[in-house]
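Peer 1: Below are the sequence and a predicted model; questions follow.
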Amino acid sequence: MLKDKIQKLAAAYKADTIRIRRHLHAHPELSFQEENTVAFVADTLRSIGVDTIEPKAKTGLVALIEGKNPAKKVVALRADMDALPITEANDVPYKSTRTGVMHACGHDVHTSSLLGTARILNDLKDSFEGTVKLLFQPGEEKVPGGASMMIADNALANPRPAAIMGQHVMPLIPVGKVGFRKGMYMASADELYLTVKGKGGHGAMPETLVDPVLISAHILVALQQVVSRKADPKTPSVLSFGRVMAEGATNVIPNEVKIEGTFRTLNEDWRKKAHEQMIRIATGIAEGMGGSVDFEVRRGYPFLKNEPELTERSIQAAKAYLGEENVVDLDIWMAAEDFSYYTQEMDGCFYRLGIRNEARGIVSGVHTPTFDIDEDALGLSTGLMAWLALEELNHLP
Ligand SMILES: [Zn+2]
Ligand SMILES: [Zn+2]
């Protein structure tokens, strides 16, 4: 059976997948600077016999693994390759060799896993029909997101996949398990930058001033109405302000106040409307109080939707591969992820790979200096993805 063959290959290649992960982990590169990483990925692909490689988005690439009858159906698999500006605090043999740069979001795991998946699929290319397209993308961690640049560089064309799948490490899920969610899964994330302008001066003479601090206070309170009174209660929305700067003094009213925050939701129409309403409310308050406001919305990633039928098929395939008890349901997660750009273009399924091992103290969250994984996850991440891709190639609508 194909599933048994895949499981044997995944086990046979596990040590090498770990070796590759450790190499990537020790040599991290920041978003859009993945020159060495993408060269390493291309070399590794060639060494396993995958030669159809095309550079994309400067530090990304796509590669094709063609089975028999390659035009029958195309399924895409994606890995992100960038690291974060964090100094690693783990004392491990594969510790980052670069101060201030660390694979703290597991993108080394995604990249090494997809290379392992490629190796398995390439070994089996006489056993399946269709084509698997591999996307190794740069810059997931940084707006505008490598995914949007891959799409702009035609990574989803020639041939166009029917569906795309991606996996991401999840420190809340024990190693050996994976998590799925159908439908809405992750949020859009937009950055908000407000400059509230008034007229500063001596704190003892408010009647001669326009106080931007008080205006800002009103704006901060009023904007929460957008979430509590304007948002559909069935659509999650979050509005948080983490930076408010009024650089006056006890007796000095400043000329302006800077406010920075984030708005997140899971509906593209509502997202657009919320931006308009926030700007209208802030402008109305500032002008009503005699000041003004510059309100800049820097759009981040869209929300991430897992296509329900594709995801249901993937859940069933994962249960067949790992056993029913090792496939868990995920909650909505208000973080953002640029895989969402692909899911705006085609059916997508973004699932989570368990990497937690409490007994060994592997519990740190992503984006922390102590993040690490139980590398046993690399024994299943490669084969599961190969299996999901082949199951999807076999599914014809
Ligand atoms: Zn991240
Ligand atoms: Zn990530």
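Peer 2: All right, it came through fine. Remember, predicted model here, so these are calculated numbers, not experimental data. Residues are numbered from 1 along each chain as shown. Ligands and ions are numbered 1, 2, ... in the order given.
Peer 1: which sections of the protein are below the confidence cut-off?
Peer 2: In the prediction, the chain carries no residues with pLDDT under 70.
Peer 1: so who does residue 340 touch?
Peer 2: For residue 340, the set of contacting residues under the criterion of CB atoms under 8 Å, 6 or more residues apart in numbering consists of 147, 186, 188, 301, 302, 303, 304, 305. Bear in mind the C-beta positions are built from the backbone N, C-alpha and C, glycine included.
Peer 1: swap in residue 278?
Peer 2: In this structure, residue 278 makes contact with 192, 223, 226, 239, 263, 295, 297, judged by CB under 8 Å, 6+ apart.
Peer 1: Past whatever helix or strand it lives in, which element shows up next along the chain?
Peer 2: With elements taken from DSSP states H and E, the one containing residue 278 is helix 268-288. Scanning forward in sequence from helix 268-288, with DSSP H and E defining helices and strands, the next element found is strand 292-298.
Peer 1: buried ones in that next one?
Peer 2: Neighbour counts using 16 or more other CB atoms under 10 Å place 292, 293, 295, 297 of strand 292-298 among the buried residues.
Peer 1: The last one touches residue 190, doesn't it?
Peer 2: Yes: the pair residue 297 / residue 190 is scored as a contact, 5.5 Å apart, by CB atoms under 8 Å.
Peer 1: Spit out the residues that contact those two alike.
Peer 2: By the contact definition CB under 8 Å, 6+ apart, residue 297 and residue 190 are jointly contacted by 263, 275.
Peer 1: for the protein, what's the longest strand?
Peer 2: Ranked by residue count and defined by DSSP state E, the top strand of the chain is strand 163-174.
Peer 1: quick one, strands of the stretch 1-150 of the chain?
Peer 2: Assigned strands in the stretch 1-150 of the chain, in chain order: 53-56, 60-66, 74-80, 131-137 (criterion: DSSP state E, counting those that start in this stretch).
Peer 1: Nearest to residue 98 among those strands would be which one?
Peer 2: Closest to residue 98 of these is strand 74-80 (CB to CB; 18.1 Å).
Peer 1: For that closest one, give me every contacting residue.
Peer 2: 107, 110-111, 113-114, 117, 130-140, 146-147, 156, 159-166, 338-339, 342, 385, 389, 392-393.
Peer 1: Kindly give a single ChimeraX line that selects the buried subset of these.
Peer 2: Listed next is the ChimeraX selection for buried residues among these, using 16+ other CB under 10 Å:
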select :107,110,111,113,114,117,130,131,132,133,134,135,136,137,138,139,140,146,147,156,159,161,162,163,164,165,166,338,339,342,385,389,392,393
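Peer 1: Please name the nearest non-neighbouring residue to residue 135.
Peer 2: The shortest distance from residue 135 to any residue that is not its chain neighbour, by CB to CB, 6 or more residues apart in numbering, is 4.3 Å, and that residue is residue 78.
Peer 1: any idea how far the one you found lies from residue 68?
Peer 2: The span separating residue 78 from residue 68 equals 24 Å under the rule CB to CB, to the nearest Å.
Peer 1: Also residue 321?
Peer 2: The span separating residue 321 from residue 68 equals 23 Å under the rule CB to CB.
Peer 1: With neighbour numbers in mind, choose between these two.
Peer 2: Set side by side, residue 321 and residue 68 show more neighbours around residue 321, with 22 against 11, by other CB atoms under 10 Å.
Peer 1: residues in contact with the more buried one?
Peer 2: Residue 321 is in contact with 3, 6, 7, 383, 384, 387, 388, counting by CB under 8 Å, 6+ apart.
Peer 1: Find the pair from those residues with maximum spatial separation.
Peer 2: The distance between the two most remote of the contacts of residue 321 (CB to CB) is 13.3 Å, for 7 and 388.
Peer 1: what about the two, which has more around it?
Peer 2: Neighbour comparison, residue 7 and residue 388: the larger count goes to residue 388, with 26 against 20 (by other CB under 10 Å).
Peer 1: Can you pull up the most central residue in this protein?
Peer 2: The centroid of the chain falls nearest to residue 337 when counting by CA atoms, centre = their mean (2.6 Å).
Peer 1: Just the CA trace of stretch 304-319, in PDB.
Peer 2: Output for stretch 304-319, consisting of C-alpha atoms alone and laid out as PDB, is shown next (Å, rounded to 0.1, in the frame of the first residue of the first chain):
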ATOM      1  CA  LEU A 304      -7.000  32.800   6.400                       C
ATOM      2  CA  LYS A 305      -9.800  30.500   5.300                       C
ATOM      3  CA  ASN A 306      -9.400  26.700   5.100                       C
ATOM      4  CA  GLU A 307     -11.600  25.500   2.300                       C
ATOM      5  CA  PRO A 308     -14.000  23.200   4.200                       C
ATOM      6  CA  GLU A 309     -14.200  20.200   1.700                       C
ATOM      7  CA  LEU A 310     -10.500  20.100   1.000                       C
ATOM      8  CA  THR A 311      -9.800  20.400   4.800                       C
ATOM      9  CA  GLU A 312     -12.300  17.600   5.500                       C
ATOM     10  CA  ARG A 313     -10.600  15.300   3.000                       C
ATOM     11  CA  SER A 314      -7.200  16.200   4.600                       C
ATOM     12  CA  ILE A 315      -8.600  15.400   8.100                       C
ATOM     13  CA  GLN A 316      -9.800  12.000   6.900                       C
ATOM     14  CA  ALA A 317      -6.400  11.400   5.200                       C
ATOM     15  CA  ALA A 318      -4.500  12.500   8.300                       C
ATOM     16  CA  LYS A 319      -6.600  10.200  10.500                       C
END
